[in-house]
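J.: can you look at this prediction? I've put the sequence above it.
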Amino acid sequence: MTKISLFGDSWGGKKSRKQKKRETLEDNRTRGRSAERQAAVSSYMNGYEVERTGHGSDFRITKREPFTGKVIERKLVEVKSGKAKLSDLQRKTKKKKSNYKVDRVDHPVF
């Protein structure tokens, strides 16, 4: 059962640090998901096949020769919004792979 207070969070009252942190993290997740969708659609519109990887990168994009189907280009893409930093695994993957690309989206629309 949820308590509702006249002076609580629902109507602009004080919020605990924990609640503020939770809301900030949720906003960041929403921005990140939006940026990923925006980047995936953009890549698709530019003629790439987009495949979600989710481990060390967000997507694997592949460009094929239209008539033969031969792979022309293949990249791993990590999408970041705002000032987000690469995780340790993402930095490691970037160092190992020459085809790793970090795509920065400044103001994703959500």
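T.: Everything's here; your move. Numbers count the residues shown, from 1 in each chain.
J.: any idea which strand is longest in this structure?
T.: When the chain is parsed with DSSP state E, its longest strand is strand 71-81.
J.: name the helices or strands packed onto it?
T.: Strand 71-81 is packed against helix 17-45, strand 59-64, helix 88-96, strand 100-105, with contacts defined by 3 or more C-beta pairs under 8 Å, 6 or more residues apart in numbering; DSSP states H and E. Every residue, glycine included, has its C-beta placed from N, CA and C.
J.: among the ones you listed, which comes closest to L76?
T.: Closest approach to L76 among the helices and strands packed on strand 71-81 (C-beta to C-beta): strand 100-105, 4.8 Å.
J.: list the buried residues of the closest one.
T.: Within strand 100-105, the residues scored as buried using 16 or more other C-beta atoms under 10 Å are 100, 103, 105.
J.: can you check stretch 39-58 too?
T.: Of all the residues in stretch 39-58, those buried under the rule 16+ other C-beta under 10 Å are 39-40, 43, 48, 50, 56-58.
J.: re earlier: and the buried residues of strand 100-105 as JSON lines, adding distance to V79 and pLDDT?
T.: Conversion of the buried residues of strand 100-105 to JSON lines gives the following (distance: C-beta to C-beta, whole Å; pLDDT from 0 to 100):
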{"residue": "Y100", "distance to V79": "12", "pLDDT": "94"}
{"residue": "D103", "distance to V79": "5", "pLDDT": "92"}
{"residue": "V105", "distance to V79": "6", "pLDDT": "87"}
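J.: tell me which of the helices and strands packed on strand 71-81 sits most buried.
T.: strand 59-64 (a mean of 18; mean count of other C-beta atoms under 10 Å).
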